[in-house]
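Engineer: Pasted the sequence and its predicted model underneath.
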Amino acid sequence: MVFVKAKSGPPNCGDPESLFTVQYFDEEGNMTIRGGGTVAWRCNNPGNLRASSYSKSAKRRAIGTAGYGENEYAVYPDYETGHEALVVMLKGGIYSPLSLREAMIRYDKPNPNYINIIVDKTGLNPERKVKSLNDQEFKAFWQAIETTEKWKVGKEDFIEKWVITGVHMKQGVISEYCIRQNGNDVWMSKQEVIILAQEWRIHAIVVHCSNGTMYLRPEYHAKRFREMVC
Amino acid sequence: MQNGFVRWFASLLLCFFSSAFCFSEEDWLWEGDTSLVLSMDEPERLVSMSGELTLQVLDRESENPELGTVDLFVIKMDSESFEVACSTPVHAAFHSPESIRENLRCHELELTGDFDKSWLREHLGQTVTLSGYLWHAHTHHHYTPVMMDSDPWFK
């Protein structure tokens, strides 16, 4: 499953705002909701990078941002892409000339002990420059950062986006839709289906008329409903 | 002929792996508006920023309040300083002027580094002017989109 878009969702019932969920959408429009765990896991962002011109850039391949209030994080489609954003930053022109001590002061300035944690985990000399690390040492360095930033898996829910497979018409107007849910066909009233479409649960577009009524139309390039009459 | 092919194939592999797995120092730069990126061969600019000095007490980790709190000194910038924050190129640039302005805390400036904490405490609630070097937020440990340190990024 390849995620192509992501955004914040509300926290799970009873959770504080800081435990926002992240909604991922795949190419089929199905939604996967990540809740619990840590921000790093929920956002596929092991460095806990804030949403910025850097972290959201096309080169870094973020698929959205998520967070609460002013605390916005970049969201990546998978761990590897999020990890790459961290590594590119550490290898980039602004971190690589710094010593490990200087780098960690900038990475987490309220926590002067961060460098001690990194040294404990890696055994590296804190006065060494980031760019002086060989591949193995650099790996130990980013691994120590990712561990300290905490990657804890939470709960993932998959919500399939359903497809309309048939319609019933009454006096020339669609009255019911047949919805394929997890392989089973279920008939629903027009009103029920409109509500589901508004919640992004069905492949259909809700059209609002000027007189306040609503109707559905197929997504771009999808089969017309009138060709599905049963 | 065979050797030539092997050499060509090896160089193709090398090109692929070097571009896929090695990142140069410039790879961190983003496309689009990079007007706040200061060239590495230019010295960082010392700026003076003014506004009301405040103390903000935050959870060290927003998801783990039991880990305690951290005190942050923050200047609520006046309009002139805000424009300086949005227009001064810096070495540690992670934002464009637009991405600073769209942040909800864009008018706040967190102080980092070796500013005299006791002096800062004495002047809480007052309008102050402090000099330092700007840099941009990029991890969740950073509170405001633009911060000011007593030292330049490269000492």
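Structural biologist: The structure has been received and is ready for your questions. Numbering: from 1, shown residues only, chains lettered A, B, ... in the order given.

Engineer: Going by C-alpha atoms from here, please, whenever you check contacts or count neighbours.
Structural biologist: OK.

Engineer: So for stretch A:179-192, first residue to last residue, what's the gap.
Structural biologist: By CA to CA, to the nearest Å, the extent of stretch A:179-192 from end to end equals 11 Å.

Engineer: now it: mean pLDDT?
Structural biologist: In this model, stretch A:179-192 carries a mean pLDDT of 92.

Engineer: what comes into contact with that stretch?
Structural biologist: Residues outside stretch A:179-192 that contact it (CA atoms under 8 Å, 6 or more residues apart in numbering or on different chains) are A:160, A:162-166, A:174-178.

Engineer: Weed out the non-buried ones from these.
Structural biologist: By neighbour count, with 16 or more other CA atoms under 10 Å in any protein chain shown, those hold A:160, A:162-166, A:174, A:176-178 as buried.

Engineer: before we move on, back to that, with the contacts of stretch A:179-192 in mind, which one is nearest to chain B?
Structural biologist: Taking CA to the nearest CA as the measure, chain B lies nearest residue A:160 of the contacts of stretch A:179-192, at 29.4 Å.

Engineer: now the nearest residue to that closest one once chain neighbours are set aside: how far from residue B:137?
Structural biologist: The shortest distance from residue A:160 to any non-neighbouring residue, by CA to CA, 6 or more residues apart in numbering or on different chains, is to residue A:30 (4.7 Å). From residue A:30 across to residue B:137, the span is 33 Å (CA to CA).

Engineer: and stretch B:104-120, which residues are buried?
Structural biologist: B:105-112, B:115, B:120.

Engineer: Also stretch A:215-230?
Structural biologist: A:216, A:225.

Engineer: where do the helices sit along the chain?
Structural biologist: Just so you know, I chose chain A. Under the criterion DSSP state H, chain A contains helices at A:39-42, A:79-91, A:100-107, A:114-122, A:135-149, A:190-198.

Engineer: Chain B is the one I meant
Structural biologist: Using DSSP H, helices in chain B cover B:2-21, B:79-87, B:97-101, B:117-122.

Engineer: Name the residues of stretch A:100-119 that come out as buried.
Structural biologist: Within stretch A:100-119, judged by 16+ other CA under 10 Å, the buried ones are A:100-110, A:114-115, A:118-119.

Engineer: Which neighbouring residues are in contact with residue A:155, exactly?
Structural biologist: A:34-37.

Engineer: could you dump those to CSV with distance to chain B?
Structural biologist: Formatted as CSV, the contacts of residue A:155 follow (distance: CA to the nearest CA, whole Å):
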residue, distance to chain B
A:34, 15
A:35, 13
A:36, 10
A:37, 10
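
Engineer: Make a ChimeraX selection of the buried ones in those residues.
Structural biologist: The buried residues among the contacts of residue A:155 can be selected in ChimeraX (16+ other CA under 10 Å) with this line:
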select /A:34,35,36,37
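
Engineer: can I get the buried ones among the contacts of stretch A:179-192 in TSV with distance to residue B:56?
Structural biologist: Output for those, formatted as TSV (distance: CA to CA, whole Å):
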residue	distance to residue B:56
A:160	43
A:162	47
A:163	50
A:164	53
A:165	56
A:166	58
A:174	58
A:176	57
A:177	55
A:178	56
